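Engineer: the following comprises the amino acid sequence and a computationally predicted model.
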Amino acid sequence: MGSWMPRQGRLLELRLPAPSAAATQRPQVQVLADKLDRPLALVRGPDAQIYIGEAGRIWRTPVPAAGQPIQAQKVLDQLPDDGAHPLKEITFGPDGSLYVNIGSLTDRCQDAQGALPHPCPERGAMQFRGAVWRAVLRSPALQGQAPVQQFAPFALGLRNSVALATLPDGPAAGSLWQAENNIDYRDKNEPPEELNELLEGADYGWPYCIGAQRPARGYEQRARCAATQAPHMRWPAHTAPLHLLATTQASPFQGQLLAAWHGPQGHRVVGFARQKDGKPGGKPIEWLGHWTADGKTRPLGRPTGLALNHAGQLMVVEDYNRTLLMLLPDTAGAPAAQR
């Protein structure tokens, strides 16, 4: 992203030193694109192209040969890029459909006077903010035709889905998952963040309902939360999940769903093991835990993005210090949760 200022973002290519290189050798960095508008999403599509989500558009490019420029092609544009949640996250379904976060305009649908209207106009048919949309792409792509043949809301009542992932294998292969950054109460323990399995046409409650289908403050006696979809898991409040990474069962993480918890009660990277039904659950496994400041060893860290490289090593972007970290195995044989 560069910053929250528009058009400060860049697309970078990193080439890591060979394992045999000297410890002082730095990665090579090349700028492939600049002046991007608050980019967040970066996903390799089923067509082997790289998809980039900026605040108001999504585009793709083939992976260029070394030293060659990118070949950007528009996928979607004129997406809403205003309000409290302009960032776009994307993931692909097993049929090649592209799922896109369209975040809410406000924290809890408050108007200019602070009142909470019901129904919330952001959920109306003219906007459908606070939702995940699905784009059906043409496959194969036809020259001269737009790459998207249909774009419509898929699941509603989702405040800000900057964490989206699709499970790649196992009994729940192809299921779509979202980690919800919930309404901003000042309470330390409320409301919980959520992990949701997204189902077509389901309503997950924003702004009316939180947590275990409970009315949000200001919507008591007006919300019908029993009709909404309950979260699959409730996570601690203010952990602010900013990214999900679904690993394969053959990876070093053995199919865990990894989450970057960015908020004041987060500052860690956690994983959730697949259960018998193939879905994530159980207690969080800490891969980078309690990333608090320690004057002798480390500054405060806020993880924002996760990826596995070709060798199965975890790459972690954190925005407090503008760093990219690599998690390597502890050759001393420490337990996995403490590596």
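Structural biologist: Structure's in. What do you need? Numbers count the residues shown, from 1 in each chain.

Engineer: distance of Ala273 from Gly281?
Structural biologist: 7 Å (C-beta to C-beta, to the nearest Å). Using the backbone N, CA and C atoms, a C-beta is placed for each residue, glycine as well.

Engineer: what's the answer for Leu198, then?
Structural biologist: Distance from Leu198 to Gly281, by C-beta to C-beta: 16 Å.

Engineer: what about these two, which has more around it?
Structural biologist: Neighbour totals were compared for Leu198 and Gly281, and Leu198 leads with 23 against 14 (other C-beta atoms under 10 Å).

Engineer: so who does that one touch?
Structural biologist: 99, 132, 154-155, 158, 176-178, 204 (C-beta atoms under 8 Å, 6 or more residues apart in numbering).

Engineer: nearest spatial neighbour of Pro252, chain-adjacent residues omitted?
Structural biologist: Spatial nearest neighbour of Pro252, chain neighbours left out: Gly312 (4.8 Å); criterion: C-beta to C-beta, 6 or more residues apart in numbering.

Engineer: what's the domain layout of this protein?
Structural biologist: What the record gives for the chain is the domain set 61-238, 247-339, from automatic domain parsing.

Engineer: max pairwise distance over the contacts of Leu198: which two?
Structural biologist: Tyr99 and Tyr204 (14.1 Å; C-beta to C-beta).

Engineer: okay, these two: which has more neighbours?
Structural biologist: Tyr204 (25 against 22).

Engineer: how about the more buried one, phi and psi?
Structural biologist: phi -100, psi 10 (degrees, to the nearest 10).

Engineer: quick one: average pLDDT of stretch 267-287?
Structural biologist: Stretch 267-287 shows a mean pLDDT of 97.

Engineer: next: stretch 128-146.
Structural biologist: Mean per-residue pLDDT for stretch 128-146: 92.

Engineer: going forward, count from 40.
Structural biologist: With the count now opening at 40, the last piece we talked about shows up as stretch 167-185.

Engineer: distance from it to the middle of the chain?
Structural biologist: 19 Å (C-alpha atoms, centre = their mean, to the nearest Å).

Engineer: name the residues that touch that stretch?
Structural biologist: Stretch 167-185 has contacts (C-beta under 8 Å, 6+ apart) with 86, 114-115, 119, 122, 132, 135-144, 159, 161-162, 186-200, 203, 215, 217, 237, 245-246.

Engineer: what subset of these is buried?
Structural biologist: Neighbour counting by 16 or more other C-beta atoms under 10 Å classes 86, 114-115, 119, 132, 136-144, 159, 161-162, 186, 190, 192-200, 203, 215, 217, 237, 245-246 among the contacts of stretch 167-185 as buried.

Engineer: on that earlier part again, what's the least confident stretch among the domains of the chain?
Structural biologist: Looking at the domains of the chain, the bottom one is domain 286-378 with a mean of 90.

Engineer: excluding chain neighbours, what is closest to Gln304?
Structural biologist: Nearest one to Gln304, counting by C-beta to C-beta, 6+ apart, is His277 at 4.5 Å.

Engineer: if I look at that neighbour, how far off is Leu327?
Structural biologist: 18 Å.

Engineer: neighbour count winner among these two?
Structural biologist: Between His277 and Leu327, His277 has the larger neighbour count (other C-beta under 10 Å), namely 23 against 19.

Engineer: confirm the more buried one sits in a strand?
Structural biologist: No: going by DSSP: H, G, I helix; E, B strand; the rest coil, the assignment for His277 is coil, not a strand.
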